[in-house]
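S.K.: here is a sequence together with a model predicted from it:
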Amino acid sequence: MKYFKCLKKDLDVTPFLTEIASKDDAWATATGRQDKIKVQREALAIPLRGLRKSAIGDRKRRDVHESRWTTGSTAYPLASKFLEDFATDQNSILGRAKIVCLPAGKRVYPHIDRGDYYRVRNRYHFVLRSSLGSWLKAGDEEVRMKEGELWWFDNDQMHEAHNDGDEDRIHMIFDMLPAERAEEVFGKAA
C-alpha cells in the first residue's frame, strides 16, 4: 500500500474512551468543524490542538503552521499525553489534533487537505471505537482500520470515510511535522 501504513496494533483504547465519556456534552462543545467545513458536516469533533489564530496574519488558515493546545484540551490529559509521547517517539513536532466522532451511517465526503500546513506534515488516525472496522479510502486504496490501531495515511490524496457500522466511530486524528523539516517551515528561530 502506498497511501496507508498501520504503525501500531492492539493499543488499549479503554482509558481514552472513558476519558471522553466522563465529559458532559463532549461532542457539543465545539461545532466549528461540522458548521464550517462542508465535507466534514456529518462529523463531530473535540479539538485538542488547533491553529494559532494570532499567527494567521494575511495567510489562509490552511497555510498557518503554528499550532497550540486548545483550552478544552485540559479536560483530556490522557489523550494529550498520548499525542506528546507519540510525537517524541517519532521525532516530530505535534500539529493540530482532534478526537472525531463519525456517527453510524454518516460520512466524511471526498476531499484533499490542501495548503502549506498539510503539504509538510504526516496525518495519523488512532482508532478508538469502530464496530466493523473504520472504512477509509485514499487515492485508489481502501482500508478498514480496527480498534486499537494507529495508522499513517496520505491526506494529500483524495480521501473519504464512511461509517457503515451501527455505532459511533471514534478516532483521534492528528498531524505531525518531522523534526528535520522544522527549519524549512519555521526558519532558524524555531
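M.R.: The structure has been received and is ready for your questions. Owing to the predicted nature of the structure, the values given are computational and were not obtained by experimental measurement.

S.K.: what number of residues lie near residue 115?
M.R.: Close neighbours of residue 115, defined as other Cβ atoms under 10 Å, add up to 14. C-beta here means a position set from N, CA and C on the backbone, and glycine is covered the same way.

S.K.: helix, strand, or coil at the nearest residue to it once chain neighbours are set aside?
M.R.: Once flanking residues are discounted, residue 115 sits nearest to residue 62: 2.7 Å by Cβ to Cβ, 6 or more residues apart in numbering. Assigned by DSSP: H, G, I helix; E, B strand; the rest coil, the conformation of residue 62 is helix.

S.K.: show the contacting residues for residue 180.
M.R.: Contacts for residue 180 (Cβ atoms under 8 Å, 6 or more residues apart in numbering) come out as none.

S.K.: tell me the SS of it?
M.R.: With three-state DSSP as the basis, residue 180 sits in helix.

S.K.: gap between it and residue 124?
M.R.: 18 Å (Cβ to Cβ, to the nearest Å).

S.K.: likewise residue 45?
M.R.: 15 Å.

S.K.: just residue 17 next, same as before
M.R.: Residue 17 sits 18 Å away from residue 124, going by Cβ to Cβ.

S.K.: just residue 169 next, same as before
M.R.: Counting by Cβ to Cβ, the separation of residue 169 from residue 124 is 16 Å.

S.K.: tell me which of those two has more neighbours.
M.R.: residue 169 (27 against 24).

S.K.: for that one, phi and psi?
M.R.: When read as degrees, to the nearest 10, the backbone of residue 169 gives phi -100, psi 130.

S.K.: cool, the one 3 residues further on as well?
M.R.: Dihedral angles of residue 172 (phi, psi; degrees, to the nearest 10) stand at phi -100, psi 120.

S.K.: that one reaches residue 129, doesn't it?
M.R.: No. Using Cβ atoms under 8 Å, residue 172 makes no contact with residue 129, being 10.7 Å away.

S.K.: which one of those two has more residues nearby?
M.R.: Counted by other Cβ under 10 Å, residue 172 and residue 129 do not tie: residue 172 has more neighbours, with 24 against 18.

S.K.: in which helix or strand does residue 183 reside?
M.R.: helix 182-186 (DSSP states H and E).

S.K.: find the nearest non-adjacent residue to residue 110, please.
M.R.: Nearest in space to residue 110, with sequence neighbours left out and distances taken as Cβ to Cβ, 6+ apart, is residue 160 at 4.3 Å.

S.K.: now do the host helix or strand of the one you found: which elements does it pack against?
M.R.: If you go by DSSP H and E, residue 160 is part of strand 159-162. Contacts defined by 3 or more Cβ pairs under 8 Å, 6 or more residues apart in numbering; DSSP states H and E place strand 159-162 against strand 107-111, strand 134-138.

S.K.: show me which positions of the first one end up buried.
M.R.: Going back to what we said before, that points to strand 107-111. 107, 108 (16 or more other Cβ atoms under 10 Å).
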